[in-house]
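Enquirer: No letters, just coordinates:
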């Protein structure tokens, strides 16, 4: 690891993400964490994190307006820099989003983002709060995560969610973690060096910090 760049494009819970990463790297003097809109910081990054808060449309619009899309695309898709998208930062990985219209995403992971559908009147939208995590795949990343959290089948782990839309992934092998909220909710996607989480790891206490630590330590994600 070297420079961990948290992308500032005008939309995202940047302070809490920064604080969580800084907490994990505080004892390691060689690592630097920045919240940045600088092309050079992204170009030099060993890890890239893209938070997102708000609507799919506003986040995509904000990212394009920032003029950072090309350098992020180059770093992630060409040079295979480890990448983590959080909440709408994950949703933007999709082909399209359908919030207040139809909008194109980054199309890094094929699929569409659609509103959560539930017939249970007791389940409010947005989905907000703690939900148990289901492990759908046992990738190298997940194996390391399980080790970091002390996983066993008798113990459940939960994460913090706040969202109204669900990433419906085309390739089921790219759906790594899920939760249940009236329907199956995609909680984590992964493809090559790319990870996305619908939950907020920076707000998910022990599990979230272990997840972020695994992201920073791992060389294989799928």
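Expert: All right, it came through fine. On a predicted model such as this, the values are computed, not experimentally measured, just so you know.
Enquirer: Now do the contacts for residue 126.
Expert: Applying C-beta atoms under 8 Å, 6 or more residues apart in numbering to residue 126 gives the contacts 162-164. To be clear about C-beta, it is placed using only N, CA and C from the backbone, and glycine gets the same treatment.
Enquirer: quick one: pLDDT of it?
Expert: For residue 126, the model assigns a pLDDT of 94.
Enquirer: Residue 172 now?
Expert: Confidence score, pLDDT, at residue 172: 96.
Enquirer: Look at it and say how many residues are nearby.
Expert: Residue 172 has 8 neighbouring residues, counting by other C-beta atoms under 10 Å.
Enquirer: how much space between it and residue 164?
Expert: Residue 172 sits 23 Å away from residue 164, going by C-beta to C-beta, to the nearest Å.
Enquirer: returning to what we had before: what is the nearest of the contacts of residue 126 to residue 102?
Expert: residue 164 (16.4 Å; C-beta to C-beta).
Enquirer: Provide the strand pairings for the longest strand along the chain, with the direction of each partner.
Expert: In the chain, taking DSSP state E as the definition, the longest strand is strand 184-191. Partner strands and pairing direction for strand 184-191 (DSSP bridges) are strand 175-180 (antiparallel), strand 194-197 (antiparallel).
Enquirer: Contacts for the longest one next, please.
Expert: Taking contacts as C-beta under 8 Å, 6+ apart, the residues outside strand 175-180 that touch it are 131-137, 139, 141-142, 159, 161, 169, 184-190, 197, 199.
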